[in-house]
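Peer 1: structure here, sequence nowhere to be found:
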């Protein structure tokens with residue numbers, strides 16, 4: 001990072017503290033300073049969209065941004081701004097673009113990794129608890145992944161599992177060691193106690209996305225009696241400490257009506273959530289229940305509802321499957337992110353359990369230039385209709401071909417799954433969704 005950029009970052013950090021005292025009046029000024037650091041072409045479209053929001057006080061996203069300024073601890077907010085906005089986006093994005101050009105491969109914006117397969121719950125349909133503590137990455141391994149990542153311009157790291165907070169001491173240590181990075185964990189939330197909340201407030205660069213199934217009956221039915229109350233207590237604790245958090249939801253044919261309801265959205269907003277990840281159920285694993293796949297009508301309903309709430313409510317919902325149009329299709333394979341399992345396997349996506357590289361044998365850069373990841377690079381986007389982005393779910397023949405071409409192997413811990421069989425399992429869904437996806441794509445004039 002050159003001296004000029006360092007000086008601009010320092011000025012932005014100072015400005016952030018000043019603007020937080022009167023965000024309604026001064027937020028637009030901060031964006032002007034970001035423009036000066038980012039330069040003319042760096043994330044210009046995204047900055048223009050934020051400017052449009054900040055110029056419209058009646059906009060739901062404006063209300064969300066102001067709620068962040070008012071509800072979140074000012075020092076935590078300042079650190080998030082430095083790490084997420086400046087390091088992960090402005091500085092990191094420029095570095096990644098240079099390396100993509102240099103090496104001719106994808107360069108991710110973020111890395112998702114599993115510290116462990118261990119979990120304190122035994123949720124129906126989840127394999128994690130069956131494996132106990134059989135697989136995990138050491139602190140040194142996790143630390144080295146982040147060290148390598150920063151050399152590639154990556155300053156955003158996500159944890160999943162298992163339950164990542166069974167390794168909470170390791171995670172806090174990583175936050176301390178890499179205080180220029182932003183960390184997020186997909187967690188069941190039940191291990192967020194007073195001590196951990198205080199640690200979050202101290203390190204300032206960790207944000208949880210708490211898994212919820214809906215309301216109490218649905219949550220406890222899958223996750224165990226008392227889980228919902230524990231999750232609500234965790235959210236209340238985070239809100240009391242003025243800490244940021246969001247929720248993470250997997251929608252299926254069985255729960256989509258509840259998760260897409262206005263009642264549910266108003267509830268999580270009242271609880272203090274600032275963002276919500278929505279993941280489409282994926283039929284991963286030989287024992288996957290394909291009946292849980294949403295119907296085309298149900299998926300369209302979610303597509304429309306999340307766009308409605310994004311425009312009308314002070315929360316930012318992200319639909320991992322239906323928002324492909326905003327990111328140019330599939331983001332996996334290192335295009336925007338990759339996944340590293342607790343066994344060290346470097347996978348294109350958390351839902352794609354095939355690999356030809358292991359972090360204990362290859363560097364991140366070597367993995368990004370491996371046959372499987374280069375197959376992703378060379379074939380993306382997998383469909384010109386970005387409402388059909390995935391090489392597994394909506395274009396299953398593409399994944400099967402890439403696995404065969406690259407010689408990748410199944411990393412599924414429970415039972416290795418042949419890519420050809422996975423293709424045949426996903427084909428009926430892909431064929432059923434295609435007419436609806438094509439109609440929606442045409443409606444948007446794409």
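Peer 2: Yep, it's here. Every value quoted in this text rests on a predicted model; they were computed, and no experiment measured them.
Peer 1: hey, let's count contacts and neighbours off CA atoms from now on
Peer 2: OK.
Peer 1: give me the distance between residue 382 and residue 401.
Peer 2: The gap separating residue 382 from residue 401 is 12 Å, by Cα to Cα, to the nearest Å.
Peer 1: do residue 341 as well
Peer 2: From residue 341 to residue 401 the distance is 23 Å (Cα to Cα).
Peer 1: more crowded one of these two?
Peer 2: Taking neighbours as other Cα atoms under 10 Å, residue 341 and residue 401 compare with residue 341 leading, 25 against 16.
Peer 1: wait, that one touches residue 113, no?
Peer 2: Yes. Counting by Cα atoms under 8 Å, residue 341 touches residue 113, with 5.9 Å between them.
Peer 1: ok, and what's touching the longest helix that the chain contains?
Peer 2: For the chain, the helix with the greatest residue count under DSSP state H is helix 419-443. Helix 419-443 has contacts (Cα atoms under 8 Å, 6 or more residues apart in numbering) with 283, 293, 295-296, 300, 385, 387-388, 392-397, 399-400, 403, 410.
Peer 1: filter the residues you listed to the buried ones?
Peer 2: With burial judged by 16 or more other Cα atoms under 10 Å, the buried subset of the contacts of helix 419-443 is 283, 293, 296, 300, 385, 387-388, 392-397, 399-400, 403, 410.
Peer 1: let's see which of the residues you listed end up in strands.
Peer 2: residue 410 (DSSP state E).
Peer 1: pull the number of nearby residues for residue 59.
Peer 2: 17.
Peer 1: one more: the one 4 residues further on?
Peer 2: Around residue 63 sit 20 other residues, with neighbours defined as other Cα under 10 Å.
Peer 1: repeat that for residue 61.
Peer 2: By other Cα under 10 Å, 21 other residues sit near residue 61.
Peer 1: which pLDDT does the model give it?
Peer 2: In this model, residue 61 is scored at 89, pLDDT.
Peer 1: how about it: what's its closest non-neighbour residue?
Peer 2: Nearest non-adjacent residue to residue 61, counting by Cα to Cα, 6 or more residues apart in numbering: residue 314, 5.9 Å away.
Peer 1: run the chain-centre distance for stretch 170-186.
Peer 2: 15 Å (Cα atoms, centre = their mean, to the nearest Å).
Peer 1: then stretch 257-275?
Peer 2: When C-alpha coordinates are averaged (Cα atoms, centre = their mean), stretch 257-275 and its chain have centres 18 Å apart.
Peer 1: I'd say residue 313 and residue 60 touch.
Peer 2: Yes. Assessed by Cα under 8 Å, residue 313 is found in contact with residue 60 at 5.3 Å.
Peer 1: just to revisit the earlier point, OK, contacts around the residue nearest to residue 61?
Peer 2: Residues near residue 314 by Cα under 8 Å, 6+ apart: 60-64, 67, 269, 274.
Peer 1: between those, which sits nearest residue 214?
Peer 2: residue 269 (13.1 Å; Cα to Cα).
Peer 1: in which helix or strand would I find that closest one?
Peer 2: Using DSSP states H and E, the element containing residue 269 is helix 262-271.
Peer 1: which stretches of this structure have low pLDDT?
Peer 2: 1-21, 29-45, 122-133, 446 (pLDDT under 70).
Peer 1: domain parsing for this protein?
Peer 2: As assigned by automatic domain parsing, the chain contains the domains 3-96, 337-443.
Peer 1: could you tell me the end-to-end distance of the last one?
Peer 2: In this case it means domain 337-443. End-to-end distance for domain 337-443, by Cα to Cα: 29 Å.
Peer 1: that domain: how far from the chain's middle?
Peer 2: Centre-to-centre, domain 337-443 and its host chain are 17 Å apart (Cα atoms, centre = their mean).
Peer 1: contacts for the helix or strand hosting residue 171?
Peer 2: According to DSSP H and E, residue 171 maps onto helix 168-177. Residues outside helix 168-177 that contact it (Cα under 8 Å, 6+ apart) are 139, 143, 165, 181-183, 196, 199-200, 203, 205-206.
Peer 1: for stretch 329-344, buried residues please.
Peer 2: For stretch 329-344, the neighbour count (16+ other Cα under 10 Å) marks 329-335, 337-344 as buried.
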